[in-house]
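J.: Give me coordinates for this.
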Amino acid sequence: MSNRRNRRRVFASPFYTFAIVWLLMSGIFPLFSIAGLLITLGVCGGAAFLAGRISASRYAQSQEAREAELRKAPSVRKTDSAASSVRKSNYAAEQAPASPTAAPKKSYGPEIDPILEEGNRALSEMGRLYLSIKDPEVRRKINEIMRITDKITQDAIADPSDIPQIKKFLNYYLPTTIKLLNAYDRMSAQGIEGENLNKSMNSINEMLDAAIVAYKKRLDSLFANQALDIETDIDVMNKMLAREGLIGEKDFQVAESN
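T.: Predicted coordinates for the structure are as follows:
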C-alpha cells in the first residue's frame with residue numbers, strides 16, 4: 001500500500017507543481033500577452049520537470065532502502081533462529097545430569113568409612129582455623145595436630161581392631177580441641193588487650209602443647225598390636241630357620257635376645 005502511494009506521488013508531483021507555479025506567475029506576468037504566456041509556460045514547465053526529478057529520485061531511494069531491508073530480513077531471522085538453537089542447546093546442557101567423570105570414592109566398609117569422613121571434616125575445620133589465626137606458634141601447633149589426626153584416622157584402615165580407640169579420639173578429644181581453637185580464634189579477632197582475654201588465650205596455647213603430647217601417645221598405642229604381631233612373626237621366623245639348620249643355635253639365641 002505504501003509503495004503504491006509513493007508511485008502516485010511521483011506522477012502527481014509535476015502536475016501539482018505546474019499548477020502552483022502557474023497561479024504564482026499569473027500574478028506577476030499578464031497571461032493575455034504572448035510574451036507573458038511564454039514566460040509563464042517556461043517557468044511552470046521547468047518547475048514541473050524539476051519536481052518530477054526530485055520525486056523520482058526520492059522514490060528510487062525509498063525502493064533501494066526497502067530492498068536492502070528485505071535482504072537483511074532473512075539473515076536476521078537466521079540469526080534469531082541460530083540464537084534460539086544455542087539457547088535451547090544450553091538449556092538442554094544445563095538440565096542434563098552431570099557425567100560421572102570423577103572416580104567414585106573408595107569404600108573401606110561401614111565401620112571405617114564414617115571414621116574417615118569424620119576425620120576429614122575435622123581436618124577441614126582445623127585447616128580453616130589455621131588460615132584464620134595469625135599467631136605463628138599457634139599455627140605450628142595446629143599443623144602438628146592435623147598431622148597426628150590424619151595418621152590416627154588412617155590407622156583404622158591398617159588395623160580395624162583400633163576402631164574403638166579411634167572413635168573415642170574423634171568423638172571427644174578432637175572436638176574439644178577444635179572447640180577451644182574456635183574460642184581462641186574469636187578472642188584473637190577482637191584486636192584488643194585484656195586480662196581475661198590474654199589469660200584464656202594463654203591457657204588454650206598451653207593446652208595445645210599437652211594435646212600434642214597426648215595425641216602422639218595415642219598414636220603410639222595404636223601400633224601396640226602391630227608391634228606384638230611383628231615380634232611374634234620374627235620369633236616364628238627365627239625358630240623355623242633354626243629348625244631347618246639355616247641359622248645356628250648361637251645365632252638363634254642372639255636373635256631372641258635382640
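
J.: CA atoms for contacts and neighbours, from now on please.
T.: OK.

J.: Give me the helices and strands touching the helix or strand hosting residue 230, please.
T.: Following DSSP states H and E, one finds residue 230 within helix 224-243. Packing contacts for helix 224-243, counted by 3 or more Cα pairs under 8 Å, 6 or more residues apart in numbering; DSSP states H and E, involve helix 249-257.

J.: CA atoms only: put the helix holding residue 230 into PDB for me.
T.: Only the C-alpha atoms of helix 224-243 are listed here, as PDB (Å, rounded to 0.1, in the frame of the first residue of the first chain):
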ATOM      1  CA  ALA A 224      50.900 -51.800  70.100                       C
ATOM      2  CA  ASN A 225      49.000 -54.700  68.400                       C
ATOM      3  CA  GLN A 226      51.000 -54.300  65.200                       C
ATOM      4  CA  ALA A 227      54.300 -54.300  67.200                       C
ATOM      5  CA  LEU A 228      53.200 -57.500  69.000                       C
ATOM      6  CA  ASP A 229      52.300 -59.100  65.700                       C
ATOM      7  CA  ILE A 230      55.700 -58.200  64.300                       C
ATOM      8  CA  GLU A 231      57.600 -59.600  67.300                       C
ATOM      9  CA  THR A 232      55.500 -62.800  67.000                       C
ATOM     10  CA  ASP A 233      56.300 -63.100  63.300                       C
ATOM     11  CA  ILE A 234      60.000 -62.600  63.900                       C
ATOM     12  CA  ASP A 235      60.100 -65.200  66.700                       C
ATOM     13  CA  VAL A 236      58.300 -67.800  64.400                       C
ATOM     14  CA  MET A 237      60.700 -67.000  61.500                       C
ATOM     15  CA  ASN A 238      63.800 -67.500  63.700                       C
ATOM     16  CA  LYS A 239      62.500 -70.800  65.000                       C
ATOM     17  CA  MET A 240      61.800 -72.100  61.500                       C
ATOM     18  CA  LEU A 241      65.300 -71.000  60.300                       C
ATOM     19  CA  ALA A 242      66.900 -72.700  63.300                       C
ATOM     20  CA  ARG A 243      64.900 -75.900  62.800                       C
END
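
J.: Average pLDDT for it, rounded please.
T.: On average, the pLDDT along helix 224-243 is 74.

J.: ok, now stretch 154-171?
T.: On average, stretch 154-171 scores 90.

J.: for stretch 190-201, same thing?
T.: On average, stretch 190-201 scores 86.
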